[in-house]
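>>> My questions concern the predicted model and sequence given below.
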Amino acid sequence: MKKSMLLILCAWMAFTVVSCRKIKSYPDEPVIKFKEFTTLKSQGLDSIGNIVISFTDGDGDIGLRPGDTLPPYDTCSIYQFNYFIKIFQKRNGAFRQFVFKKNFAPCVNVDLYNICNPVFSTILDSTYNATLMDITPEGKSKVLSGELALELPFLIPCVTNDTVKFQVYIYDRALHQSNIVESPEYIISTQ
């Protein structure tokens, strides 16, 4: 009798421990954290940058599917991209955002707030906005967490030996915007 009571007590304790384990849950909106920025040098100059962020998403709808080409994801919309980078350059102790014309030349170094009508079709915040492909997990649980790395070839014509920083945010397919994360300051040398 004592052995059966001990077995029942052990089984009950094991069930209690297992049933108390929580399945991870995150909000449906993506949440990101800045992890690191590194550069690859070529002949002593920075040629490629790599931004790494970590993320969580409760419903797992990160990335666009191959068929996501109609509004709101079409090429006339900002949502053709879902990974956004703003680049800031330090001048006279203050950071100012780079804004690029649609043809990306000439480079204009102004605050977005000073532009009367920032229309997506004529002005972009960054040449480095990107489209993440669908990474929604299969199965019942759609919870996602992980890291995203984006490679940036340094093609910024106005940045040579400058202190820069980046702001990054992402959108999921439901157009939920993540929080905005900001990198520390980095000195890049491209000339």
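That came through fine.
>>> Any stretches of this protein with poor pLDDT?
1-23, 100-127, 154-161, 191 (pLDDT under 70).
>>> mind listing the helices for it?
2-20 (DSSP state H).
>>> Just the strands from it, written as ranges.
Counting by DSSP state E, the chain has strands at residues 31-42, 45-57, 83-91, 94-101, 107-109, 123-124, 144-153, 161-170, 181-182, 186-189.
>>> nearest to residue 67, of these?
strand 83-91 (19.1 Å; C-beta to C-beta). For the C-beta atoms, the positions are set from N, CA and C on the backbone; glycine is no exception.
>>> Please spell out which residues along that closest one are buried.
Buried residues in strand 83-91, counted by 16 or more other C-beta atoms under 10 Å: 83, 84, 85, 86, 87, 88, 89.
>>> Using a markdown table, lay out these together with distance to residue 171.
Output for these, formatted as a markdown table (distance: C-beta to C-beta, whole Å):
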| residue | distance to residue 171 |
| --- | --- |
| 83 | 8 |
| 84 | 8 |
| 85 | 13 |
| 86 | 14 |
| 87 | 19 |
| 88 | 21 |
| 89 | 25 |
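>>> and of the residues you listed, the nearest to residue 36?
residue 85 (14.6 Å).
>>> who does the closest one bridge with?
residue 168 (DSSP bridges).
>>> show me the contacts for it.
With contact taken as C-beta atoms under 8 Å, 6 or more residues apart in numbering, residue 85 is in contact with 51, 125, 126, 128, 129, 130, 150, 152, 166, 167, 168.
>>> Let's see that with 7 Å instead.
126, 128, 129, 166, 168 (C-beta atoms under 7 Å, 6 or more residues apart in numbering).
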